[in-house]
Each structure stands twice: as C-alpha cells, then as structure tokens.
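Colleague: Here's my sequence, what's the structure:
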Amino acid sequence: MAKFRGTIRHSDLEGGHFQLLADDGATYELDGGDPLLTRNGARVEIDGAVDRAALSFAMTGPTLKVRAVKAL
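Modeller: Presented below is the predicted three-dimensional model:
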C-alpha cells in the first residue's frame, strides 16, 4: 500500500462522487466507506492502492482503493 496526501473534493459529475486532489497534482476517484472521505475540503492522508483496471461512470481519474484514512 502507498500513502497519498491531498484534499477531498466533491464532483457533481455523473450523479456525484468524491475525489482526492493529491498534493502531487494527480486526481483520484475514491473507493472506500470512511465518512471522512465525504467531507468536501478535508485535508487527508490515505493509505491505499491505485486500481487502474477499475471502471466507473465518472471516469475522472484512476480509482484509489482506500484502506485507511486520517485527517491532517
């Protein structure tokens, strides 16, 4: 698993979903159930893995499978 830092953002595209705007400039579509992942504007550190084979309706970036998340 890798660590990703950034800001949670809500996108209205395709019915709405949450993304991580990573500090390195990348954007990931989030896949996880932690309530912290739904706090628009929250600064977080995520422990997870990118699943480049995952498909989604939004297609706004690779899917980040979240294992753990903590607020910064």
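
Colleague: switch to C-alpha atoms for all contacts and neighbour counts from now on
Modeller: OK.

Colleague: so where do the strands sit in this structure?
Modeller: Remark: strands assigned in the chain by DSSP state E are 2-11, 17-22, 27-31, 43-51, 63-71.

Colleague: Low-confidence stretches in this protein?
Modeller: 57-58 (pLDDT under 70).

Colleague: change it to 80
Modeller: Scanning the chain for pLDDT under 80 picks out 1, 13-15, 55-60.

Colleague: show me the residues around L72 that make contact.
Modeller: Residues in contact with L72, defined by C-alpha atoms under 8 Å, 6 or more residues apart in numbering, are R43, V44, E45.

Colleague: Same list, these, but as TSV with distance to L55 and neighbour count please.
Modeller: Formatted as TSV, the contacts of L72 follow (distance: C-alpha to C-alpha, whole Å; neighbours: other C-alpha atoms under 10 Å):
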residue	distance to L55	neighbour count
R43	26	21
V44	24	20
E45	24	18
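
Colleague: which one of those residues sits closest to R67?
Modeller: Distance to R67, by C-alpha to C-alpha, is smallest for E45 among the contacts of L72, at 10.9 Å.

Colleague: I'd like the strands of the chain laid out as CSV, including distance to L37.
Modeller: Listed next are the strands of the chain as CSV, based on distance: least, C-alpha to C-alpha, whole Å:
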stretch, distance to L37
strand 2-11, 7
strand 17-22, 7
strand 27-31, 8
strand 43-51, 9
strand 63-71, 8
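
Colleague: Many thanks, I have nothing further to ask.
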